[in-house]
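Trainee: Please work out how this folds:
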Amino acid sequence: KRVSANSVKILKICEDVNAELRHNQKILTLLQLLEFISFGNDVTELELDFVQTVSDTFNVPKDEYENAKAFIFGNYEALPHKENLLAITSEPSTLTEKQLIRQQLDSPIYILHLLSSDMYVLKYTGTQTLRINGHVIKPNWGYIFDRGASVRSPLFAPIYYSDVTSIFLNAEATDKMVFT
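Mentor: Residues are numbered from 1 along each chain as shown. Next up, the predicted model:
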């Protein structure tokens, strides 16, 4: 009975928040919730149900939610739509077709494109000191990779927002070309 009452309260809060936020703010909130529960020892079914309820109430497309969940949890191989993933590595990767090479990078940087909000989320899995817009990147934390952003290191050439978007845009342009 208590769980049911809490569920109704949660749903009401989600509906209120849904009415106040723009779509990209809802996506950001969802990403932060996923990140918050991912830092615990084990993610419980109750936590996942809660975040799923938030996602449903915020009208986040199911495939985008599944991609975001796998991405934030660091389970890149399980992304259902790998065409929305960019791997920045020191050598070619088989994980995704979208790749950018930076020779001195010790571990991959992954960037997920969330289509419904046209947002890019970045995660770095290594130990080098990298900076996004002058701020140190903490390993395995998600960062919004916004317009004008860059990732810098003294070991390799900067990675600019335009570098990332051009890879996704080129892939979309090639996918949609039809000659008859």
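
Trainee: Return the set of buried residues in the top helix by length along the chain.
Mentor: What stands out as the longest helix in the chain, according to DSSP state H, is helix 2-20. For helix 2-20, the neighbour count (16 or more other C-beta atoms under 10 Å) marks Cys14 as buried. To be clear about C-beta, it is placed using only N, CA and C from the backbone, and glycine gets the same treatment.

Trainee: Repeat that for stretch 32-48.
Mentor: By 16+ other C-beta under 10 Å, the buried positions in stretch 32-48 come out as Leu33, Leu34, Glu35, Ile37, Ser38, Glu47.

Trainee: Take those residues and keep only those in strands.
Mentor: Within these, no residue falls in strands by DSSP state E.

Trainee: Give me the subset of these that lies in helices.
Mentor: The members of the buried residues of stretch 32-48 that map onto helices under DSSP H are Leu33, Leu34, Glu35, Ile37, Ser38, Glu47.

Trainee: now the nearest residue to the last one once chain neighbours are set aside: how far from Lys138?
Mentor: I take that to be Glu47. Nearest non-adjacent residue to Glu47, counting by C-beta to C-beta, 6 or more residues apart in numbering: Ile37, 4.4 Å away. Distance from Ile37 to Lys138, counting by C-beta to C-beta, to the nearest Å: 17 Å.

Trainee: Which elements pack onto the longest helix of the chain?
Mentor: Contacts defined by 3 or more C-beta pairs under 8 Å, 6 or more residues apart in numbering; DSSP states H and E place helix 2-20 against helix 23-38, helix 45-57.

Trainee: Ok, which of the ones you listed comes nearest Leu86?
Mentor: helix 23-38 (16.8 Å; C-beta to C-beta).

Trainee: Name the residues that touch the closest one?
Mentor: Contact with helix 23-38 is made by 17-18, 21, 43, 47-48, 50-51, 54-55, 58-60, 64-65, 68-69, 72-74, 114, 116-117, 119, 121, 141-142, 144, as judged by C-beta atoms under 8 Å, 6 or more residues apart in numbering.

Trainee: Pipe the ones in helices among the buried residues of stretch 32-48 into CSV and attach distance to Leu169 and pLDDT per row.
Mentor: As requested, those are exported to CSV (distance: C-beta to C-beta, whole Å; pLDDT from 0 to 100):
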residue, distance to Leu169, pLDDT
Leu33, 29, 92
Leu34, 26, 94
Glu35, 27, 93
Ile37, 33, 91
Ser38, 30, 90
Glu47, 36, 87
